[in-house]
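S.K.: Need coordinates for the following:
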Amino acid sequence: MKENQLLSFEEIDRLAQIFVSLGVEKIRLTGGEPLLRKNVSDLIRRLTEIEGLYLNDQWISSF
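M.R.: Sure thing, here's the model as predicted:
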C-alpha cells in the first residue's frame with residue numbers, strides 16, 4: 001500500500017474521537033502496519049488521551 005493511501009496519525013485520532021462520540025468504548029490496533037510506523041508511541045499517546053476510550057493490556061495485537 002502506498003504511503004499516501006494510509007491514514008495519518010491525525011486522521012486515526014480524529015476517527016477514534018468520532019467513534020467514541022458515537023458510543024464506541026474500545027479500539028484495537030491490529031496487524032503489523034500501524035505498529036511498524038515511526039513514532040507509533042505518539043499515536044498511542046494520542047489515543048490514551050481520548051476521554052471515554054477504554055484501553056487495556058490487550059488493545060494492541062500483532063497476530
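S.K.: So which helix or strand of this structure has the lowest pLDDT on average?
M.R.: Least confident element among the helices and strands of the chain, by mean pLDDT, DSSP states H and E: helix 33-36 (a mean of 72).
S.K.: Figure out how far that helix is from the centre of its chain.
M.R.: The chain centroid and the centroid of helix 33-36 are separated by 10 Å under CA atoms, centre = their mean, to the nearest Å.
S.K.: With stretch 2-9 instead?
M.R.: Here stretch 2-9 is found 13 Å from its chain centre; the criterion is CA atoms, centre = their mean.
S.K.: can you count the residues close to Leu47?
M.R.: Using other CB atoms under 10 Å, Leu47 has 19 other residues around it. Just so you know, the C-beta spots here come from the backbone N, C-alpha and C atoms, and that holds for glycine as well.
S.K.: what's the answer for the one 3 residues further on, then?
M.R.: Ile50 is flanked by 16 other residues according to other CB under 10 Å.
S.K.: neighbouring contacts of the lengthiest helix in the chain?
M.R.: Secondary structure of the chain read by DSSP state H shows that its longest helix is helix 9-21. Helix 9-21 has contacts (CB atoms under 8 Å, 6 or more residues apart in numbering) with 7, 27, 34, 37, 39, 42-43, 46-47, 50-53.
S.K.: repeat that with 6 Å
M.R.: Ile27, Leu43, Arg46, Leu47, Ile50, Gly52, Leu53 (CB atoms under 6 Å, 6 or more residues apart in numbering).
S.K.: Tell me which two of the residues you listed sit farthest apart.
M.R.: Leu43 and Gly52 (17.7 Å; CB to CB).
S.K.: Among these two, which residue is more densely surrounded?
M.R.: When neighbours are counted by other CB under 10 Å, Leu43 and Gly52 differ, and Leu43 comes out ahead with 19 against 11.
S.K.: What angle do helix 9-21 and whichever strand or helix holds that one make with each other?
M.R.: According to DSSP states H and E, Leu43 maps onto helix 40-48. Helix 40-48 and helix 9-21 are oriented at 20 degrees to each other (axes from the mean of the first three to the mean of the last three CA atoms, to 10 degrees).
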